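Peer 1: With the sequence up front, the predicted model follows.
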2 protein chains.
Amino acid sequence: MPQTTNLNDIAQALRERDDFVILTHQYPDGDTVGSAYALCRALRKMGKRSRVIINGKLDKKFNFLQNNYEEQDFEYKTVVTVDIAAKQLLGDLQEEFGGKVDISVDHHVSNDHFAKLSYVDPKAANTENVLELIKLLGTEIDKDMANAIYTGICTDTGCFKFSNVTSATMRAAAEMMDLGCDSTEINRVMFDLKSMARIRMEKAVLDSLTLHADGKIAVVNTTIELEHETGVGDTDMDGIASIPRQIEGVIIGITIKEKDGGKYRISIRTLGCCDASRIGAEFGGGGHHAAAGCSITGSLYDVKSRIVEAAEAELRRAGEL
Amino acid sequence: MPQTTNLNDIAQALRERDDFVILTHQYPDGDTVGSAYALCRALRKMGKRSRVIINGKLDKKFNFLQNNYEEQDFEYKTVVTVDIAAKQLLGDLQEEFGGKVDISVDHHVSNDHFAKLSYVDPKAANTENVLELIKLLGTEIDKDMANAIYTGICTDTGCFKFSNVTSATMRAAAEMMDLGCDSTEINRVMFDLKSMARIRMEKAVLDSLTLHADGKIAVVNTTIELEHETGVGDTDMDGIASIPRQIEGVIIGITIKEKDGGKYRISIRTLGCCDASRIGAEFGGGGHHAAAGCSITGSLYDVKSRIVEAAEAELRRAGEL
């Protein structure tokens, strides 16, 4: 019978068991990968066998998390997932592991308790939960572990900029710094470094920028051709959707991304009273108050007209137009 | 006789005196303004008369620091400077105040002790020094003060991204969050919000980008015409100089800014072993290892050739070419 439990029970279960595989979610990001390596290293320090399974392609900027990490070959007996809210997010790993996840440590309130034992605490980063767990386990936190935990914290908070940051988040990062983590270099690699492809894409995105509704709506778009031309990868596209809403006076920022077959993937970002999820819902999409998405099929002109119209309606509903 | 002292002596001097003016440095930034308002509010809570003199034009993004702040009219008896390393940085205020600064609270190691009593501690942000001082004074830290202190910390650290951040910086920010500061909104206004002029300037800067020395040197330039066309102000230009070095593989990033009379102002940013100050020194400029500057007069073509040549020489010196 699946259950949600406290962190002490998770620690106890880890102590009692051995031969761990720790799974990240697909399209692995800093928080899932940081959680996995930090916990794996802690279990090894306890004399247990443990390995991380990266679910998909690891972006090279995370390679340093594998420093001083050796692969271990063994028959796994315990399956742990980190930063995963539902087994569907296991992607290709779902077939092998979907039905047999023993322990889940997660920070998504939407976690559907697919694991036999789940700990869900909506901290800014899941590595904050992993840090607490490791403290309960009582293992020393070395520099490699501190780097993994710091990476999860800084990447899931936009370098401490997002609304999910709490004072506890800041203090957890401070602890990792005291343990010698390479915070400056990690920040540089995660937040400063841009590929030439990304630079080209940003330039093209800014070229496509149009303002509507007295500058309260900003729209940018990307095309398949542009993606090929610039050579951007998936991680190069991170944060593109936040560009239009950054403009002074803009309340609704819209990013239209061309997909195959005349389909466009739309990202909507809003401020204040305007509800992004209402706009997305107009086209069968959804999301949160400040960030939502949907897909529309048609010509770019048609798609853009329809989404701008829906955004204007939302501005009016919120009394902003 | 000017002296450098400890924070207790500064607190004692503040307790003994009254009728304070607190001066910011010219081209006021978040740290000097945050320091001034936090300290001013603390002194008022102690029942003293105190006012801030903003040295130059305050960018509108800092207006919220003046919430619940009323002007007080009185003859000043005590002059305090915050975040100011030398009286030359008083600019237009130097004539009136230059010779009579009683107390200086600063975080620049280069502080030349121009005040009668100076406290200099090279923390990431000077508001961290002001926070310690206010704790010594024993006044309650209200939300407006927490906002002022947080603003100084986040702006002087690039939202906790720069190499000057310590674990103490993170903990000071955490304290301000616990005191109810509007960290999310402050982060948005300081780090996300961009004027359309800035967006246009970024686009133009990216258009001007050229790579040299196998992509190890990146150069961008801005023109007077462009500044007029885009309508950028000084604060819109913040961070422009960091763009070229953000590109993957770039070791030396150079920004060439056209000034009047055929003069170009050059910003140099380097990574690792390459020394920006050596490059700047070639043209009579200077700075630090990772960030330096200089001015060169000539045609853009000539200026660019000369600075790229000097950068290539520095790459060779550092064994990078």
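Peer 2: Structure received. Numbers count the residues shown, from 1 in each chain, chains lettered A, B, ... in the order given.

Peer 1: For chain A, what lies in contact range of chain B?
Peer 2: With CB under 8 Å from any CB of the partner chain as the criterion, chain A meets chain B at residues A:159-163, A:165-168, A:170-171, A:173-175, A:177-178, A:183-184, A:187-188, A:191-196, A:199, A:202-203, A:206-207, A:209, A:211, A:215, A:242, A:245-248. Using the backbone N, CA and C atoms, a C-beta is placed for each residue, glycine as well.

Peer 1: Tell me which of the residues you listed fall in strands.
Peer 2: A:Leu211 (DSSP state E).

Peer 1: Buried only: go through the residues of chain A next to chain B for me.
Peer 2: Neighbour-count burial (16 or more other CB atoms under 10 Å in any protein chain shown) applied to the residues of chain A next to chain B gives A:159-161, A:165-167, A:170-171, A:173-175, A:177, A:183, A:187-188, A:191-196, A:199, A:202-203, A:206, A:209, A:245-247.

Peer 1: For the stretch 201-321 of chain A, which segments count as helices?
Peer 2: A:224-230, A:276-281, A:300-317 (DSSP state H, counting those that start in this stretch).

Peer 1: now the shortest one, how far from the chain's geometric center?
Peer 2: Yep, that's helix A:276-281 we're talking about. Centroid separation between helix A:276-281 and its chain, computed with CA atoms, centre = their mean, to the nearest Å, is 21 Å.

Peer 1: Can you get me a residue count around the residue in the stretch 1-150 of chain A that chain B sits nearest to?
Peer 2: Of all residues in the stretch 1-150 of chain A, A:Lys61 sits closest to chain B, at 9.7 Å by CB to the nearest CB. Counted with other CB atoms under 10 Å in any protein chain shown, the neighbours of A:Lys61 add up to 16.

Peer 1: swap in A:Cys181?
Peer 2: Counted with other CB under 10 Å, A:Cys181 comes out at 25.

Peer 1: looking at the helices of the stretch 201-321 of chain A, which has the lowest confidence?
Peer 2: Lowest mean pLDDT of the helices of the stretch 201-321 of chain A: helix A:224-230, a mean of 91.

Peer 1: ok, and for that helix, which residues are buried?
Peer 2: For helix A:224-230, a neighbour-count test (16+ other CB under 10 Å) marks A:226-227, A:230 as buried.

Peer 1: Pick the one among those closest to B:Leu7.
Peer 2: Taking CB to CB as the measure, B:Leu7 lies nearest A:Thr230 of the buried residues of helix A:224-230, at 52.6 Å.

Peer 1: Isn't that closest one up against A:Ser195?
Peer 2: No. Using CB atoms under 8 Å, A:Thr230 is not in contact with A:Ser195, being 9.1 Å away.

Peer 1: which neighbours do those two share?
Peer 2: Between them, A:Thr230 and A:Ser195 share no contacting residue under CB atoms under 8 Å, 6 or more residues apart in numbering or on different chains.

Peer 1: which stretch among the helices of the stretch 201-321 of chain A comes nearest A:Gln66?
Peer 2: helix A:224-230 (28.6 Å).

Peer 1: Return the list of helices and strands in contact with that closest one.
Peer 2: Judged by 3 or more CB pairs under 8 Å, 6 or more residues apart in numbering or on different chains; DSSP states H and E, helix A:224-230 is in contact with helix A:196-207.

Peer 1: And the contacts of the helix it packs on?
Peer 2: Contacts of helix A:196-207 (CB under 8 Å, 6+ apart): A:194, A:220-222, A:226-227, A:229-233, A:236-237, A:240, A:243, A:255, B:199, B:202-203, B:206-207, B:209, B:211, B:215, B:247-248.

Peer 1: can you pull the buried residues of stretch A:116-123?
Peer 2: Buried residues in stretch A:116-123, defined by neighbour count with 16+ other CB under 10 Å: A:116-120, A:123.

Peer 1: Show me which of the residues you listed is closest to A:Gln12.
Peer 2: Nearest to A:Gln12 among the buried residues of stretch A:116-123, with distances taken as CB to CB, is A:Leu117, at 9.8 Å.

Peer 1: Next, the contact list for the closest residue to the closest one other than its chain neighbours, please.
Peer 2: Once flanking residues are discounted, A:Leu117 sits nearest to A:Ile103: 5.0 Å by CB to CB, 6 or more residues apart in numbering or on different chains. For A:Ile103, the contacting residues are A:10, A:13-14, A:78-81, A:115-119, by CB under 8 Å, 6+ apart.

Peer 1: for A:Glu71, same thing?
Peer 2: Applying CB under 8 Å, 6+ apart, the residues near A:Glu71 are A:Arg51.

Peer 1: cool, and A:Ala281?
Peer 2: The neighbours of A:Ala281, taking CB under 8 Å, 6+ apart as the test, are A:292, A:294.

Peer 1: Distance-wise, check it relative to A:Thr255.
Peer 2: According to CB to CB, to the nearest Å, A:Ala281 and A:Thr255 sit 18 Å apart.

Peer 1: now swap in A:His107 and tell me
Peer 2: 26 Å.

Peer 1: Same check on A:Met190?
Peer 2: Taken as CB to CB, the span from A:Met190 to A:Thr255 is 21 Å.

Peer 1: For these two, indicate the residue with more neighbours.
Peer 2: Taking neighbours as other CB under 10 Å, A:Met190 and A:Thr255 compare with A:Thr255 leading, 25 against 19.

Peer 1: Bridging across strands, which residues link to that one?
Peer 2: Note on A:Thr255: beta-bridge partners A:Val220, A:Ser267, judged by DSSP bridges.

Peer 1: was I right about it contacting A:Thr222?
Peer 2: Yes. If you go by CB under 8 Å, A:Thr255 and A:Thr222 touch, sitting 7.4 Å apart.

Peer 1: Next up, the contacts around the closest residue to A:Ile247 other than its chain neighbours.
Peer 2: Nearest residue to A:Ile247, sequence neighbours excluded (CB to CB, 6+ apart): A:Ala218, at 5.2 Å. Neighbour list for A:Ala218: A:209-212, A:244-245, A:247, A:250, A:252-254 [criterion: CB under 8 Å, 6+ apart].

Peer 1: And for A:Gly249, the neighbour number?
Peer 2: Neighbours of A:Gly249 (other CB under 10 Å): 12.

Peer 1: Give me the pLDDT for it.
Peer 2: So A:Gly249 comes in at 95 (pLDDT).

Peer 1: Look up how far B:Ala197 lies from it.
Peer 2: 12 Å.

Peer 1: returning to that earlier point: need the winner for burial among the helices of the stretch 201-321 of chain A.
Peer 2: helix A:276-281 (a mean of 22; mean count of other CB atoms under 10 Å in any protein chain shown).

Peer 1: Just the CA atoms from it would do, formatted as PDB, please.
Peer 2: This file holds the C-alpha atoms of helix A:276-281, laid out as PDB (Å, rounded to 0.1, in the frame of the first residue of the first chain):
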ATOM      1  CA  ALA A 276      -1.900  32.500 -17.900                       C
ATOM      2  CA  SER A 277      -3.800  29.300 -17.400                       C
ATOM      3  CA  ARG A 278      -7.100  30.900 -18.500                       C
ATOM      4  CA  ILE A 279      -5.400  31.900 -21.800                       C
ATOM      5  CA  GLY A 280      -4.000  28.400 -22.300                       C
ATOM      6  CA  ALA A 281      -7.300  26.800 -21.500                       C
END
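
Peer 1: quick one: low-confidence parts of the stretch 1-150 of chain A?
Peer 2: A:1-3 (pLDDT under 70).

Peer 1: sorry, back to before: can you put the buried residues of stretch A:116-123 in a markdown table and add secondary structure?
Peer 2: As requested, the buried residues of stretch A:116-123 are exported to a markdown table (DSSP: H, G, I helix; E, B strand; the rest coil):
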| residue | secondary structure |
| --- | --- |
| A:Lys116 | coil |
| A:Leu117 | strand |
| A:Ser118 | strand |
| A:Tyr119 | strand |
| A:Val120 | strand |
| A:Lys123 | coil |
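
Peer 1: Between which two of the residues you listed is the distance greatest?
Peer 2: A:Lys116 and A:Lys123 (22.1 Å).
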